[in-house]
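In: Using only what follows, build the 3D model:
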Amino acid sequence: GMRMGGSSYYGLDVLSPTSPKLLFRIGADQTDYSRMGQSWSKPVLANIRYNGSIRRVLIVGGGYDQCYEKPNITLTDACFTNGKAKGNAVYIIDAQTGQRLWWTSDTGSNTDNANMKHS
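Out: From the prediction side, this is the model:
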């Protein structure tokens with residue numbers, strides 16, 4: 001993750017330390033990750049059963065919205081888009097390809113939760 005430096009995560013294959021390989025990059029500029037904010041979340045590596053097979057995945061929080069740096073901010077501030085913060089999501093990502101397997105947010109996700117308004 002890039003933390004305050006951006007809203008992306010990078011997957012690297014470092015099994016050969018002298019010749020690392022980029023596996024994927026995911027970020028807010030991609031349709032599947034449009035709710036992502038600054039990538040502060042430490043990815044949790046796990047194995048899950050997905051469509052009948054075991055998959056190695058990363059579970060990450062949606063990130064942080066820079067709007068929260070303003071004192072006394074509320075979701076009605078023009079800094080936020082449609083009254084919700086960037087990062088109001090949780091993603092499960094294929095650890096080899098970066099493919100979004102599942103996500104939750106307030107609307108438009110696999111499992112919507114109207115209470116997810118903040119990062």
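
In: Please enumerate the strands of the chain.
Out: 8-13, 21-27, 44-50, 53-61, 89-94, 100-105, 111-112 (DSSP state E).

In: Contacts made by the longest one with the rest, please.
Out: Outside of strand 53-61, the residues that reach it under the criterion Cβ atoms under 8 Å, 6 or more residues apart in numbering are 1, 9, 11, 39-41, 43-50, 87, 89-96, 101, 119. Every C-beta, even on glycine, is put in place using the N, C-alpha and C of the backbone.

In: Tell me which of the strands of the chain sits nearest to residue 68.
Out: strand 53-61 (14.1 Å; Cβ to Cβ).

In: and the closest one, which strands flank it?
Out: strand 44-50 (antiparallel), strand 89-94 (antiparallel) (DSSP bridges).

In: In CSV: the ones you listed, plus mean neighbour count and mean pLDDT.
Out: Formatted as CSV, the strands paired with strand 53-61 follow (neighbours: other Cβ atoms under 10 Å; pLDDT from 0 to 100):
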stretch, mean neighbour count, mean pLDDT
strand 44-50, 11, 96
strand 89-94, 22, 96
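
In: circling back to that earlier point, quick one: closest of the strands of the chain to residue 71.
Out: It's strand 53-61; of the strands of the chain, that one is closest to residue 71 (Cβ to Cβ) at 23.6 Å.

In: buried ones in that closest one?
Out: 55, 57-61 (16 or more other Cβ atoms under 10 Å).

In: In contact with residue 67, which residues?
Out: Shown in contact with residue 67 (Cβ under 8 Å, 6+ apart): 73, 77, 79-80, 85-86.

In: do that again at 6 Å, thanks
Out: 73, 79-80 (Cβ atoms under 6 Å, 6 or more residues apart in numbering).

In: what does residue 101 give?
Out: By Cβ under 6 Å, 6+ apart, the neighbours of residue 101 are 50, 92, 94.

In: Select from the contacts of residue 67 the one having the most neighbours.
Out: Neighbour counts for the contacts of residue 67 (other Cβ atoms under 10 Å) peak at residue 80, which has 19 neighbours.
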